[in-house]
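Visitor: Need a 3D model of the sequence below.
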Amino acid sequence: MANEAFTISRDKLTGPRDSTVLVTGGSSGIGLQTVILLHELGNNVIVVDRARPSPSAPTSLTSSPRFLYHQCDITSWKQQRAAFEAGVQKFGAIDCVFVNAGIAEYKDQFFKDELDADGLLKEPDRRTVDIDMHAANDTAKLAIHYIRKKGPEKKRGGSIVMTASLAGYLASAGAPLYSAAKHGIVGLMRALKNDTATLGIAVSVVAPGITLTDIISGRKPGESLSDWAQRMRAVGVPINDPQEIANAVVYLMSLGMEGNGKGLLIQAGRVADLEKGIATSRKIWMGPEMLELFRGGRNAPLFPNKL
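Guide: Residues are numbered from 1 along each chain as shown. Take a look at the predicted model:
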C-alpha cells in the first residue's frame, strides 16, 4: 500500500496543553512559529537561542509569564545545560523538547582548497556538523535527562521532536555536511526510540523540504524571501511556510507515545510518515533473504537496549 500524504490543520491541533516545552533555535523561522503555536495552546515555552526573538514575535508571547528566553550558544554543553536548568527553575519541569537549532551548509569544505599558514591544506571548518549534529545530540541528551527528572506530581514521560530535513533522507549533492548531519539526526531518532519508549518518552523527527527561513540560499541580490518563493513556486518547486512545519511538530507532540519513531516529511505543506513507509517496504529494499537474515540476528547481544 502506498504511503499516503495528508495535511495537518492548525485549527485541529488541541494539544499539548499545560506543558512546558523547550525549543532550541526558537527566536525565528520554524522554531519561533512552533513557540507561538505552543503558547497559544496554553503551554509554557522556553526559547533557547543566540539571538533574542525576532521583532515579528507577538508581544502577547514575549511579555507572557509563560514565556522564557535564555541566550545560549548551543555548541557549549554548559550553556545548554544552564538553559534547561533555567527552564526548570522557572516552570518546575520540562515535558517536551524541540531539537531545532541548526545552520545550512557552510562554504565548500570538499572541493575548494584553502591553505594554512604553513602553506599546506587547511583543516576543514566543521561548524555545520558541530551545530547540526553534535549540539543537537547534546540537546537530546539533556532532554532525556530533564524529562526523566520530573517530580511525582508531573505525568511521566514526554516528547522529543528533532528537526531533520529532506536532505536527511535524500541527500543534497550541494550540501554534503548538512546532509550527513541530518542523516545523523534520523539515525539518532531510530537508535533512541526503543529505549526512550521504556521511559514513556516519544522521539520523532520532522524532515522539511525547502522552507522559507533565513537560511535559504540562492536568492538574487536584494530579493525577499516571499519574492524568491513566488519565483520558485512558479517553476514547480514545492515550498513550505514555517507555520506548516510548526503544525507538524506540535502534531507529533500531541500524539504522545503514538508519535514515537515517526519521521514526517513536509513538502508544500503536505505531510507523509517516511518511517512508516520505510518499515512497510522493508522486504522490497532489503530483499527477502537479507530481511530474514536480519530478523534472525536481531536478538544477538551486541547492542542491547540500555534500559
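
Visitor: Quick check: the gap between Val237 and Ala167.
Guide: From Val237 across to Ala167, the span is 15 Å (Cβ to Cβ, to the nearest Å). To be clear about C-beta, it is placed using only N, CA and C from the backbone, and glycine gets the same treatment.

Visitor: Who has more neighbours out of these two?
Guide: Ranked by neighbour count (other Cβ atoms under 10 Å), Val237 and Ala167 place Ala167 first, with 23 against 14.

Visitor: pLDDT at that one, what is it?
Guide: As predicted, Ala167 sits at a pLDDT of 96.

Visitor: Then the one 4 residues further on?
Guide: On pLDDT, Ala171 comes in at 91.

Visitor: hey, which helix or strand in this protein has the poorest pLDDT?
Guide: The least trusted helix or strand in the chain, going by mean pLDDT, DSSP states H and E, turns out to be helix 225-234, with a mean of 83.

Visitor: for the helix or strand following it, what is the average pLDDT?
Guide: Scanning forward in sequence from helix 225-234 by DSSP states H and E, the next helix or strand is helix 242-254. Across helix 242-254, the average pLDDT comes to 97.

Visitor: And the residue nearest the centre of the protein?
Guide: Thr163 (1.7 Å; Cα atoms, centre = their mean).

Visitor: Ignoring the adjacent residues along the chain, who's closest to that residue?
Guide: Among residues not flanking Thr163 along the chain, Asn100 sits closest, at 4.6 Å (Cβ to Cβ, 6 or more residues apart in numbering).

Visitor: neighbours around the residue nearest to Trp77 when sequence neighbours are not counted, how many?
Guide: Spatial nearest neighbour of Trp77, chain neighbours left out: Asp138 (5.6 Å); criterion: Cβ to Cβ, 6+ apart. The number of residues packed near Asp138 is 19, by other Cβ under 10 Å.

Visitor: Over to Lys90?
Guide: Residues near Lys90, counting by other Cβ under 10 Å, number 15.

Visitor: where does it land in three-state SS?
Guide: When classified by DSSP: H, G, I helix; E, B strand; the rest coil, Lys90 comes out as helix.

Visitor: related to what we said a few turns ago, my read: the residue nearest to the centre of the chain touches Leu188, true?
Guide: No: judged on Cβ atoms under 8 Å, Thr163 makes no contact with Leu188 at a distance of 11.8 Å.

Visitor: thought Arg156 was touching Lys150?
Guide: Yes: here Arg156 lies in contact with Lys150, judged by Cβ under 8 Å, at a distance of 7.2 Å.

Visitor: The two: which has the busier surroundings?
Guide: Lys150 (18 against 11).

Visitor: For the more buried one, give its distance to Asn240.
Guide: Distance from Lys150 to Asn240, by Cβ to Cβ: 33 Å.

Visitor: Tell me which residues of the longest strand along the chain come out buried.
Guide: Secondary structure of the chain per DSSP state E: the longest strand is strand 201-208. Within strand 201-208, the residues that count as buried by 16 or more other Cβ atoms under 10 Å are 201-208.

Visitor: cool, stretch 152-163 as well?
Guide: Of all the residues in stretch 152-163, those buried under the rule 16+ other Cβ under 10 Å are 154, 157-163.

Visitor: what do you get for stretch 91-104?
Guide: By 16+ other Cβ under 10 Å, the buried positions in stretch 91-104 come out as 91, 93-102, 104.

Visitor: so how far does it reach from one end to the other?
Guide: Terminal residues of stretch 91-104 are spaced 32 Å apart (Cα to Cα, to the nearest Å).

Visitor: Next up, phi/psi of the residue nearest to the centre of the chain, please.
Guide: phi -90, psi 110 (degrees, to the nearest 10).

Visitor: The residue nearest to Thr163 against Leu22, yeah?
Guide: No: taking Cβ under 8 Å as the definition, Asn100 is not a contact partner of Leu22, at 10.0 Å.

Visitor: neighbours of Arg81, just the number please.
Guide: Using other Cβ under 10 Å, the number of residues around Arg81 comes to 16.

Visitor: If we ignore the residues flanking it in sequence, what's nearest it?
Guide: Nearest-residue entry for Arg81: Leu142, 6.2 Å, with adjacent residues in sequence omitted and distances by Cβ to Cβ, 6+ apart.

Visitor: Surely that neighbour and Ala82 touch.
Guide: No: applying Cβ under 8 Å as the test, Leu142 and Ala82 come out as separate, 10.3 Å apart.

Visitor: quick one: which of those two has more around it?
Guide: More crowded of Leu142 and Ala82, by other Cβ under 10 Å: Leu142, with 21 against 15.
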